[in-house]
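K.L.:
mind looking at a prediction? Sequence and model below.
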Number of protein chains: 2
Amino acid sequence: MRLLIVEDEKPLQTALAKGFHKLEYTVDTASDGEEAVELFFSNTYTLVVLDLNLPKLDGMEVLREIRMDNKDLPVLILSARSEVEDKIAGFDEGANDYLAKPFHFGELEARVRALLRRNFKTADTVIEIGEVRIDTAAKRLFVSAREISLSKKEYGIVEYLCLRRGEAVRPTELIEHIWESEADDVFNSFKVHLSKLRKKLPDTFIRNARGHGYYVE
Amino acid sequence: MRLLIVEDEKPLQTALAKGFHKLEYTVDTASDGEEAVELFFSNTYTLVVLDLNLPKLDGMEVLREIRMDNKDLPVLILSARSEVEDKIAGFDEGANDYLAKPFHFGELEARVRALLRRNFKTADTVIEIGEVRIDTAAKRLFVSAREISLSKKEYGIVEYLCLRRGEAVRPTELIEHIWESEADDVFNSFKVHLSKLRKKLPDTFIRNARGHGYYVE
DNA sequence: AGAAAAGGTTAAGTTTAGGTTAATTGATTA
DNA sequence: TAATCAATTAACCTAAACTTAACCTTTTCT
């Protein structure tokens, strides 16, 4: 498992490299587009994590180069939340997944796993917390072996909280990760979803730290 | 968490203030170098976001003043992309991070978070003092394995005191870190919260050094 | 000693975050 | 084109959290 991480912000690059290294991946890093292309052509990677906003050669350009040579290599794009058009463009160009900055390492890790699994049948993508099991690849949730059917939003909420288990996540943050709109607009809707979701899960699975946010476990 | 934002372009200044305010930081703003220094010396900040290109007193000059007084305070520098030399100079002067304009708020937020983690929070997110354990990620507090439910203000008070254990923190400072308003206005309220908080904690956990402030341990 | 200042407590009243329900609109598919 | 399920809207409820204000205690200073 050899990953290529293309990211120009040094601190983030290092953090990512360290993080994946810990998980036993082999990691190469590139700080600009040209370096990325060079590395791509001189090595064989199992997956690429690609920031869009790069010096020298734009991320989208890098993606195009990669795709000309290899149609199957999983590419996960990182990009600032605002650059939504890029997202669409990225998918057009053949990106396999997309993650908006800022993100949590756990989230990225989960997605990388999902991509690898899809292509290579490796890595487990299952989160287990108490009697709850989430298959993040299939986007399904089980409570002690019984599958629970969840709507997209409902699933998004639990998954996110589980990926960050132990942390109190502000409703605002939660919302902005799942809806891609401003929190105020959908706050009400969120509350309804949460309420329905909770009824399907074990009691007190999703807890609230008043004034701080929601958390699991 | 009290931030000082030094930025002379009003619209940006306001945007930043609003943004961080939403994330529950307490925010002060300065529009020129002199004001920045003044504020710096009359308050206690957890982090400074500093534009370099400032009227009256240059940003680099401000940084120097800050560093003469405080070597540890995290300072994040904003600057036009072209001023790359400034970046190097900034790091020489002891800036902790650097972000080129134009940037996306999410980016800035992520960096501020990273800095706060690195500098302020103890390596991992759990603080243990005697039989008291605080999980600063989940915003929860335990007294010998029993969870104690605290209000936001109550939590804010203990957390802050524990992050600065051993130091006597003036009530004024404590208040301004947790409320947004002037200390006088909410002094009474603070006393009530403190009183309630103490009842939930071990005897004499939060102590008072008459005339100097409150401290833990 | 007695007044002033700093700290601490109590019992109200008010405000808000969080939670629920039911009706409405929008998509999807049998 | 019904019928079903997902998502939203809006109204409503409640238990906390928060504030206010009055009063009490201890220290310290003249």
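P.N.:
Thanks, I have it. None of the values given here were measured: they were computed from a predicted structure. Residues are numbered from 1 along each chain as shown, chains lettered A, B, ... in the order given.
K.L.:
show residues contacting the longest helix along chain A.
P.N.:
Of all segments of type helix in chain A, defined using DSSP state H, the longest is helix A:183-200. Helix A:183-200 is contacted from outside by A:143, A:148, A:150-151, A:153-154, A:157-158, A:171-172, A:174-176, A:179, A:205-206, A:214, using C-beta atoms under 8 Å, 6 or more residues apart in numbering or on different chains. For every residue, glycine as well, the C-beta is placed using N, CA and C.
K.L.:
chain center to it, what's the gap?
P.N.:
Here the centre of helix A:183-200 is set off from its chain's centre by 22 Å, with C-alpha atoms, centre = their mean, to the nearest Å.
K.L.:
quick check: what element follows that helix along the chain?
P.N.:
strand A:206-209 (DSSP states H and E).
K.L.:
how about stretch A:27-42: buried residues?
P.N.:
A:Val27, A:Asp28, A:Thr29, A:Ala30, A:Ser31, A:Asp32, A:Gly33, A:Glu35, A:Ala36, A:Val37, A:Leu39, A:Phe40 (16 or more other C-beta atoms under 10 Å in any protein chain shown).
K.L.:
meant to ask about stretch A:1-12
P.N.:
Under the neighbour-count criterion of 16+ other C-beta under 10 Å, stretch A:1-12 has A:Met1, A:Leu3, A:Leu4, A:Ile5, A:Val6, A:Glu7, A:Asp8, A:Glu9, A:Leu12 buried.
K.L.:
before we move on, what about stretch A:179-188?
P.N.:
Result for stretch A:179-188 [16+ other C-beta under 10 Å]: buried residues A:Trp179, A:Ala183, A:Val186.
K.L.:
quick one: A:Asn208 from A:Leu174, how far?
P.N.:
For A:Asn208, the distance to A:Leu174 (C-beta to C-beta, to the nearest Å) stands at 11 Å.
K.L.:
hey, what's in contact with both of those two?
P.N.:
Jointly contacting A:Asn208 and A:Leu174 under the rule C-beta under 8 Å, 6+ apart are A:Tyr214.
K.L.:
which one of these two has more residues nearby?
P.N.:
With neighbours defined as other C-beta atoms under 10 Å in any protein chain shown, A:Asn208 and A:Leu174 compare such that A:Leu174 has more, 20 against 13.
K.L.:
secondary structure class for that one?
P.N.:
Following DSSP: H, G, I helix; E, B strand; the rest coil, A:Leu174 is assigned to helix.
K.L.:
tell me the contacts of it?
P.N.:
Counted by C-beta under 8 Å, 6+ apart, A:Leu174 has contacts A:Ile157, A:Tyr160, A:Leu161, A:Phe190, A:Gly213, A:Tyr214.
K.L.:
list buried members of those residues by neighbour count.
P.N.:
A:Ile157, A:Tyr160, A:Leu161, A:Phe190, A:Gly213, A:Tyr214.
K.L.:
from the residues you listed, which has minimum pLDDT?
P.N.:
Among the buried ones among the contacts of A:Leu174, A:Tyr160 carries the weakest pLDDT, at 87.
K.L.:
surely that residue meets A:Glu176?
P.N.:
No. The pair A:Tyr160 / A:Glu176 is not scored as a contact, 10.5 Å apart, by C-beta atoms under 8 Å.
K.L.:
residues near the closest residue to A:Gly211 other than its chain neighbours, how many?
P.N.:
Nearest-residue entry for A:Gly211: B:Lys152, 3.1 Å, with adjacent residues in sequence omitted and distances by C-beta to C-beta, 6 or more residues apart in numbering or on different chains. The number of residues packed around B:Lys152, counting by other C-beta under 10 Å, is 15.
K.L.:
same question for A:Glu154.
P.N.:
Neighbours around A:Glu154, by other C-beta under 10 Å: 20.
K.L.:
now do the SS call for it.
P.N.:
Secondary structure, three-state DSSP: A:Glu154 is helix.
K.L.:
confidence score at the residue nearest to it when sequence neighbours are not counted?
P.N.:
Computed as C-beta to C-beta, 6+ apart, the closest residue to A:Glu154 that is not its neighbour in sequence is A:Leu197, at 4.3 Å. As summarised for this prediction, A:Leu197 has a pLDDT of 95.
K.L.:
sorry, back to before: is the longest helix of chain A anywhere near DNA strand D?
P.N.:
Yes. Counting by C-beta under 7 Å from any atom of the strand, contacts between helix A:183-200 and DNA strand D involve A:Asp185, A:Val186, A:Asn188, A:Ser189, A:Lys191, A:Val192, A:His193.
K.L.:
could I get the buried residues of stretch A:27-42 as a markdown table with pLDDT, secondary structure and distance to A:Ala100?
P.N.:
Listed next are these as a markdown table, based on pLDDT from 0 to 100; DSSP: H, G, I helix; E, B strand; the rest coil; distance: C-beta to C-beta, whole Å:
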| residue | pLDDT | secondary structure | distance to A:Ala100 |
| --- | --- | --- | --- |
| A:Val27 | 85 | strand | 22 |
| A:Asp28 | 87 | strand | 24 |
| A:Thr29 | 90 | strand | 21 |
| A:Ala30 | 93 | strand | 21 |
| A:Ser31 | 92 | coil | 21 |
| A:Asp32 | 93 | coil | 21 |
| A:Gly33 | 92 | helix | 20 |
| A:Glu35 | 92 | helix | 24 |
| A:Ala36 | 93 | helix | 20 |
| A:Val37 | 92 | helix | 24 |
| A:Leu39 | 88 | helix | 25 |
| A:Phe40 | 89 | helix | 24 |
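K.L.:
mind putting the residues you listed into CSV with distance to DNA strand D?
P.N.:
As requested, the buried residues of stretch A:27-42 are arranged in CSV below (distance: C-beta to the nearest atom of the strand, whole Å):
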residue, distance to DNA strand D
A:Val27, 36
A:Asp28, 38
A:Thr29, 37
A:Ala30, 37
A:Ser31, 39
A:Asp32, 39
A:Gly33, 36
A:Glu35, 41
A:Ala36, 36
A:Val37, 39
A:Leu39, 40
A:Phe40, 37
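K.L.:
nearest to A:Glu65, of those residues?
P.N.:
Nearest to A:Glu65 among those: A:Val37, at 5.2 Å, using C-beta to C-beta.
K.L.:
and the gap between the closest one and A:Ala30?
P.N.:
Counting by C-beta to C-beta - A:Val37 and A:Ala30 are separated by 8 Å.
K.L.:
now A:Ser79
P.N.:
With C-beta to C-beta as the criterion, A:Ser79 and A:Ala30 are 16 Å apart.
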